[in-house]
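*Asks:* show me how the following folds:
(one chain, ligands or ions: 1)
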Amino acid sequence: MDNWKLKEHPQLSRNNIVAVVVLDGWGEFKPDKYNCIHVADTPTMDSFKKSAPGRWRLLRAHGSAVGLPTEDDMGNSEVGHNALGAGRIFAQGAKLVDLALASGKIYQDEGFNYIKPSFETGTLHLIGLLSDGGVHSRLDQLQLLLKGASERGAKRIRLHILTDGRDVLDGSSVGFVETIEKDLAELRGKGVDAQIASGGGRMYVTMDRYENDWDVVKRGWDAQVLGEAPHKFKSAVEAVKKLREQPNANDQYLPPFVIVDENGKAVGPIVDGDAVVTFNFRADRMVMLAKALEYEDFDKFDRVRFPKIRYAGMLQYDGELKLPSHYLVSPPEIDRTSGEYLVHNGVRTFACSETVKFGHVTFFWNGNRSGYFDSNLEEYVEIPSDSGITFNVQPKMKALEIAERAKKAILSRRFHQVIDI
Ligand SMILES: O=C(O)[C@@H](CO)OP(=O)(O)O
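*Replies:* Predicted coordinates for the structure are as follows:
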């Protein structure tokens, strides 16, 4: 039988309440004039630092310390919360995909073999974030996948791109599209009918998370599956350049567009018999699209058509829901997380955040697993996020409301651990 028993902590007795507060975006770095946290007035953090000098510790939140491929990889909420929640380091999606591509295992495993029969008469669609940010996806992985799939029989390929500007500089979308267009032209030279079919900015098209705003996914669905969008262009380079010229336009929020042929017909809607791969390795912003692509019963928006496709995720995005059921690379198996230990030891936990970060302190914290371990001992509270605004106009987001709920939870003395972000 598994041993879940935790030893008594040498300093913290069970009657103490532990508050775990994740300050998103807070970090220590070279104290120069470009470091906004260093330059800002931060009396609360300064007083914590001064009042407990022996207990102040810095956590490394990027690179190999959180399971990323190299020390140059910046951290992000997924890998950081996974590592904090599990208390251990697991090789993360970015690294697992690198390894599977390098060894060629990605093409031998179940997921690729599941989609492969569609290559004969159907189209292979690749949907994901076009960026080298390494947070949700990576351009070089997409390039290898395009090459690998075409060498293994994909004769017609359509790419549905989402522009970034959040993990990478705004405006870099143009360069990424030009780069991938060169790869597609090379494939065409080898007789593969490969081109970009649709696109849009990640925060406005497809990549919503935690069911905050299904309209975002619908805009993507209309362009990717139905081949319908308010903007139509002959090429993706032209699309991105032109759309960026609109007032206040930026990569994150570009409107959806489709690429059309000389007759004005969309070049790559998704139809019966096609294969689809969502090539992001990170889960949170792909789960909603995965549901739309996979679930027969679906009522979040009118899909108009629900094509019979072979769909695989780059990874399985939700281990509890087993979603999607087919995937190219096995996700990190994050087991024995702190949350599971705590319920086995009768420790009561309260976790709280706003919608767009809710899964960080639940799903990511618990090893990419949705739901409670034991609802008698845990309480998760979600504060609805603002929708229809961009967070740069409201950067404090719901911090005050979250703090109030956490305060209430602490004062209620019903919990031993209170986590919030
Ligand atoms: O918004 C997101 O998806 C990422 C950046 O791509 O940020 P975070 O890791 O903080 O969730």
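*Asks:* isn't residue 177 right up against residue 240?
*Replies:* Yes: with contact defined as C-beta atoms under 8 Å, residue 177 reaches residue 240; the gap is 5.3 Å. Every C-beta, even on glycine, is put in place using the N, C-alpha and C of the backbone.
*Asks:* for those two, list the residues in contact with both.
*Replies:* 163, 199 (C-beta atoms under 8 Å, 6 or more residues apart in numbering).
*Asks:* more neighbours: the two, which one.
*Replies:* Per other C-beta atoms under 10 Å, whichever of residue 177 and residue 240 has more neighbours is residue 240, with 28 against 23.
*Asks:* OK, contacts around the more buried one?
*Replies:* The contact partners of residue 240, taken as C-beta under 8 Å, 6+ apart, are 163, 173, 174, 177, 199, 254.
*Asks:* scan the residues you listed and report the most crowded one.
*Replies:* residue 163 (33 neighbours).
*Asks:* list the contacts of residue 252.
*Replies:* Shown in contact with residue 252 (C-beta under 8 Å, 6+ apart): 163, 164, 165, 166, 170, 201, 202, 203, 204, 390.
*Asks:* give me the neighbour count for the fifth one.
*Replies:* It stands for residue 170. If we define neighbours as other C-beta under 10 Å, then residue 170 has 14 of them.
*Asks:* now it, what's its secondary structure?
*Replies:* For residue 170, the assignment made with DSSP: H, G, I helix; E, B strand; the rest coil gives coil.
*Asks:* ok, it touching residue 248?
*Replies:* No: checked against C-beta under 8 Å, the pair residue 170 and residue 248 is beyond contact range at 11.5 Å.
*Asks:* tell me which helix or strand residue 157 sits in.
*Replies:* Taking DSSP states H and E as the criterion, residue 157 maps to strand 156-163.
*Asks:* now the strands for the chain?
*Replies:* Ranges of strands in the chain, per DSSP state E, are 18-21, 124-130, 156-163, 193-201, 231-233, 257-259, 275-278, 310-315, 327-329, 349-354, 378-383, 417-420.
*Asks:* ok, the residue in the stretch 201-350 of the chain positioned nearest to the ligand - contacts?
*Replies:* Among the residues of the stretch 201-350 of the chain, residue 285 lies closest to the ligand, at 5.6 Å counting by C-beta to the nearest ligand atom. By C-beta under 8 Å, 6+ apart, residue 285 lies in contact with 136, 202, 206, 207, 208, 209.
*Asks:* for these, work out which two are farthest apart.
*Replies:* Distance extremes for the contacts of residue 285: the farthest pair is 136 and 208 at 12.8 Å, using C-beta to C-beta.
*Asks:* now the contacts of residue 285 as a markdown table including pLDDT?
*Replies:* A markdown table is the format used below for the contacts of residue 285 (pLDDT from 0 to 100):
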| residue | pLDDT |
| --- | --- |
| 136 | 98 |
| 202 | 98 |
| 206 | 98 |
| 207 | 98 |
| 208 | 96 |
| 209 | 94 |
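*Asks:* how about those in CSV, adding distance to residue 279 and neighbour count?
*Replies:* CSV is the format used below for those (distance: C-beta to C-beta, whole Å; neighbours: other C-beta atoms under 10 Å):
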residue, distance to residue 279, neighbour count
136, 9, 27
202, 13, 29
206, 12, 31
207, 12, 26
208, 18, 26
209, 17, 21
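*Asks:* of those residues, which ones also sit close to the ligand?
*Replies:* Of the residues in the contacts of residue 285, proximity to the ligand by C-beta under 6 Å from any ligand atom holds for residue 136.
*Asks:* nearest to residue 232 among the contacts of residue 285?
*Replies:* So of the contacts of residue 285, ranked by how close each gets to residue 232 (C-beta to C-beta), first place is residue 206, at 18.3 Å.
*Asks:* which residue is the nearest non-sequential neighbour of that closest one?
*Replies:* Spatial nearest neighbour of residue 206, excluding adjacent residues (C-beta to C-beta, 6 or more residues apart in numbering): residue 220 at 3.3 Å.
*Asks:* now the helices for this protein?
*Replies:* For the chain, the helices defined by DSSP state H cover 36-39, 43-51, 77-86, 93-103, 110-115, 139-151, 173-189, 214-224, 236-244, 287-294, 338-344, 355-359, 399-412.
*Asks:* for those, could you give me CSV that also reports mean pLDDT and distance to the ligand?
*Replies:* What follows is these, written out as CSV (pLDDT from 0 to 100; distance: least, C-beta to the nearest ligand atom, whole Å):
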stretch, mean pLDDT, distance to the ligand
helix 36-39, 94, 16
helix 43-51, 92, 19
helix 77-86, 96, 3
helix 93-103, 97, 12
helix 110-115, 98, 23
helix 139-151, 98, 15
helix 173-189, 98, 14
helix 214-224, 98, 12
helix 236-244, 98, 19
helix 287-294, 98, 12
helix 338-344, 96, 19
helix 355-359, 94, 7
helix 399-412, 96, 14
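*Asks:* looking at the ones you listed, spot the one closest to residue 328.
*Replies:* Counting by C-beta to C-beta, and looking across all of the helices of the chain, nearest comes helix 110-115 at 4.1 Å.
*Asks:* quick check: end-to-end length of stretch 293-313?
*Replies:* In stretch 293-313, first residue to last residue: 10 Å (C-alpha to C-alpha, to the nearest Å).
*Asks:* neighbouring contacts of it?
*Replies:* Defining contact as C-beta under 8 Å, 6+ apart, one finds that stretch 293-313 is touched by 111-112, 114-115, 117-118, 122, 211, 214-215, 217-218, 221, 225-226, 270-278, 286, 288, 290-292, 323-328.
*Asks:* sorry, back to before: make a markdown table out of the helices of the chain and add distance to residue 369.
*Replies:* Output for those, formatted as a markdown table (distance: least, C-beta to C-beta, whole Å):
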| stretch | distance to residue 369 |
| --- | --- |
| helix 36-39 | 32 |
| helix 43-51 | 31 |
| helix 77-86 | 10 |
| helix 93-103 | 15 |
| helix 110-115 | 20 |
| helix 139-151 | 25 |
| helix 173-189 | 33 |
| helix 214-224 | 22 |
| helix 236-244 | 37 |
| helix 287-294 | 12 |
| helix 338-344 | 9 |
| helix 355-359 | 10 |
| helix 399-412 | 22 |
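*Asks:* indicate which one of those helices is closest to residue 19.
*Replies:* Closest to residue 19 of those, according to C-beta to C-beta: helix 399-412, at 6.5 Å.
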